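Undergrad: Using only what follows, build the 3D model:
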Amino acid sequence: MKSLYSIVGRGKACLPPRWVVYRKVFLILSCFLYALFMTFIWSLLPRGFPWFSRPFIEHQVIIPIIVLVSWIAAISLVWRLQIGILCIYVILGVWIGIGLIIVILFPVFFLPGKLIAVGIGALVMTIGLVLFILFGWLRLLKSPVSNLVRDIAPWSGVCFGAVLPFVILLIARAGPAQTTPSGVFAKLEPLTGMTTRWDWEQDIPVGNASEAIQVSLNRRNKSIKIATQKFTLRIQPYMIFEGISPNRLWTVLGNWDTTYITIERVNTGKYKETDALYFSWSAKSLKSWVKPGDLSGETLIEQHRTEDSSVEVRMTTVTRLARQIDAHLSAYFDVEWYGQAPITLSIGHEQPYNWIPTQSDYPFGAPATFMTVMDDRVLLLKGSSAEKGPFKTLAEFSKKDPLFQVMVANRPVCQFILEGFVEQASQELSPTAGWGIPVNNILLEATQFTGDQPSGVWISFSLADTGVGRGFHAVGTGPGTYVSKLRVSIPLGL
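TA: Below you'll find the model as predicted:
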């Protein structure tokens, strides 16, 4: 078998000597820059995964192998070691594999058609093949190269390198969802004295337990609004997905797809002698990855006046997911409070932690604060930079749905709890967060400020997503019926 050097090496005689020197210098500089670039990328990746877990193999085994090969190639070119030839072919194989992945798997994400993805894939493959020939053309070693290296290095190196991206692909692909829906046959009871409202042009009020507290279904943004003279609560009780992945792979190359909600029917009436509002809803995605019938639900809102001179709003949502949906981001329930300043958010039951709402940056900067259900406890964590780790533990709670209490000038004005989140949240290891953090989270973020004092806070519950950390992996939310119960208590006489 003729070596690649013997086939194309004769081209060296056609070039002036100074061009041979330029090619050598260019190649050495390129390899060192590439090695530095790969080292920088590796330094940004999450760490702290359990040994032999899928994220550990992806981030802390395969990618470091590529980094190591890059440095061996760069150093070997300087010292004219024969192993450098093999390492160069491995690097080229990696990029040829990346090009194949883009062409084969990712064109479905692009609009219009497949032109963009095919163009990127073809460009990467063309550059890889051209460099493959170019590197085979150059004779960088003064000493004779063994026949084994000449004959085997090009093909074995390229094949080995091309396999590595596909191994990463298989490891990074989302597996079966680990969420645990709680209500197999859950269905809300119908209202008595029911009035159906199909076409509604104004906000629909819920009950009249107190004139000072108004509860309504907002027509414009489909949220539930609880308004008092001093603050407002906006609640989104829907399961929403962003960055949906039809093949369970990364969404970074994709055309961003998200679900949107359609309210189908609204009923007002009585529920167990209490004024109530019921509405059903469905969802589908903009690019039709989530089709009609895949995601739907119903919500019941009640307003009560309790014996301790407070108003309690109870909101029960039954969400039905017909199949597993894999996405980068998802929301199970969103609550936003805004009003007076300064506010403090008290978190927990027995020994609450007082958190002053702050804003975070992205992708670097001010740290994010979030909660997660991990093993038999609930943790309140703070990132090192934005939502990236390693994470600092601010507080640790028992494994129960956390209680939130908004304090204005150290005076409680509102408290709420979402029942069912801890039970249904996935504890699958997050491939983007690292340090053992699972994919479930409760994001906490200041939304408004009066001067330099926080006057608004946003709390977003997610059963499974990869928004915390670095990366665009998809994670699954499994099929089934999810039941959530939000209880909001507001003292009268504020």
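Undergrad: State the number of residues packed around Asn221.
TA: Neighbourhood size, Asn221 [other Cβ atoms under 10 Å]: 9. (Glycine included, C-beta is placed from N, CA and C.)
Undergrad: Hmm, I typed the wrong one, I wanted Gly293.
TA: Gly293 has 11 neighbouring residues, counting by other Cβ under 10 Å.
Undergrad: which residues sit in contact with it?
TA: Residues near Gly293 by Cβ atoms under 8 Å, 6 or more residues apart in numbering: Ser282, Ala322.
Undergrad: One more pass at 6 Å, please.
TA: By Cβ atoms under 6 Å, 6 or more residues apart in numbering, Gly293 lies in contact with Ala322.
Undergrad: Go ahead and report the secondary structure state at it.
TA: coil (DSSP: H, G, I helix; E, B strand; the rest coil).
Undergrad: ok, it to Gly183 distance?
TA: Noted for Gly293: a distance of 18 Å to Gly183, by Cβ to Cβ, to the nearest Å.
Undergrad: can you check Trp79 too?
TA: According to Cβ to Cβ, Trp79 stands 66 Å off from Gly183.
Undergrad: the more surrounded of the two?
TA: Higher neighbour count among Trp79 and Gly183: Gly183, with 16 against 8, using other Cβ under 10 Å.
Undergrad: so that one makes contact with Val483?
TA: Yes. Look at Gly183 against Val483 with Cβ atoms under 6 Å: they come within range, at 3.9 Å.
Undergrad: CA atoms of stretch 394-412 as CSV?
TA: Extracted in CSV, the C-alpha atoms of stretch 394-412 (Å, rounded to 0.1, in the frame of the first residue of the first chain):
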residue,chain,number,x,y,z
LEU,A,394,-27.3,29.3,51.2
ALA,A,395,-29.8,27.1,53.0
GLU,A,396,-30.9,23.5,53.3
PHE,A,397,-34.5,22.4,53.9
SER,A,398,-36.4,19.2,54.5
LYS,A,399,-37.9,17.5,51.4
LYS,A,400,-41.2,19.3,51.2
ASP,A,401,-42.7,21.9,49.0
PRO,A,402,-41.1,25.2,50.1
LEU,A,403,-43.2,28.0,51.6
PHE,A,404,-42.6,31.5,50.3
GLN,A,405,-43.5,34.6,52.3
VAL,A,406,-43.1,38.2,50.9
MET,A,407,-42.1,40.7,53.5
VAL,A,408,-42.3,44.5,53.0
ALA,A,409,-40.2,46.4,55.5
ASN,A,410,-40.1,43.1,57.6
ARG,A,411,-43.9,42.9,57.6
PRO,A,412,-45.5,39.8,55.9
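Undergrad: What average pLDDT does that stretch get?
TA: Average pLDDT, stretch 394-412: 94.
Undergrad: What are the structural domain limits within this structure?
TA: 4-172, 192-491 (automatic domain parsing).
Undergrad: Tabulate these (a markdown table), appending distance to Gln178.
TA: Shown next, in a markdown table, are these (distance: least, Cβ to Cβ, whole Å):
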| stretch | distance to Gln178 |
| --- | --- |
| domain 4-172 | 13 |
| domain 192-491 | 4 |
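Undergrad: ranking the ones you listed by burial, who's on top?
TA: Of all those, domain 192-491 carries the top mean neighbour count, a mean of 19, counting by mean count of other Cβ atoms under 10 Å.
Undergrad: rewinding a little: select from the domains of the chain the stretch with the lowest mean pLDDT.
TA: Minimum mean pLDDT among the domains of the chain: domain 4-172, a mean of 72.
Undergrad: Pull the contacting residues for Leu418.
TA: Residues in contact with Leu418 (Cβ under 6 Å, 6+ apart) are Phe333, Ser484, Leu486.
Undergrad: quick one: the helices in the stretch 301-450 of the chain?
TA: Per DSSP state H, counting those that start in this stretch, the stretch 301-450 of the chain carries helices over the ranges 421-424.
Undergrad: Quick one: the strands in it, in order.
TA: Here the stretch 301-450 of the chain has its strands, by DSSP state E, counting those that start in this stretch, at 310-321, 325-331, 333-339, 343-347, 353-355, 369-374, 377-382, 392-398, 403-408, 411-419, 441-450.
Undergrad: helices and strands around the second one, which ones?
TA: Looking back up the chat, that one is strand 325-331. Judged by 3 or more Cβ pairs under 6 Å, 6 or more residues apart in numbering; DSSP states H and E, the packing partners of strand 325-331 are strand 240-244, strand 453-462.
Undergrad: how far out from the middle of the chain is the first one?
TA: Pointing back at strand 240-244 there. Computed by Cα atoms, centre = their mean, to the nearest Å, the chain-centroid distance of strand 240-244 equals 9 Å.
Undergrad: and the helix or strand following that strand, how far from the chain's centre?
TA: Where DSSP states H and E defines the elements, the next helix or strand beyond strand 240-244 is strand 259-271. Put simply, strand 259-271 sits 29 Å off its chain's centre (Cα atoms, centre = their mean).
Undergrad: ok, Pro55 to Pro342 distance?
TA: 40 Å.
Undergrad: right, I mislabeled it, should have said Pro64
TA: Taken as Cβ to Cβ, the span from Pro64 to Pro342 is 47 Å.
Undergrad: One more: Phe370?
TA: 22 Å.
Undergrad: Going by residue numbers, what spans are helices in the stretch 51-200 of the chain?
TA: Secondary structure of the stretch 51-200 of the chain (DSSP H, counting those that start in this stretch): helices located at 54-57, 63-79, 83-105, 115-137, 147-172.
Undergrad: re earlier: now distance to Ile28 too, for the contacts of Leu418, in JSON lines please.
TA: Listed next are these as JSON lines, based on distance: Cβ to Cβ, whole Å:
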{"residue": "Phe333", "distance to Ile28": "56"}
{"residue": "Ser484", "distance to Ile28": "60"}
{"residue": "Leu486", "distance to Ile28": "62"}
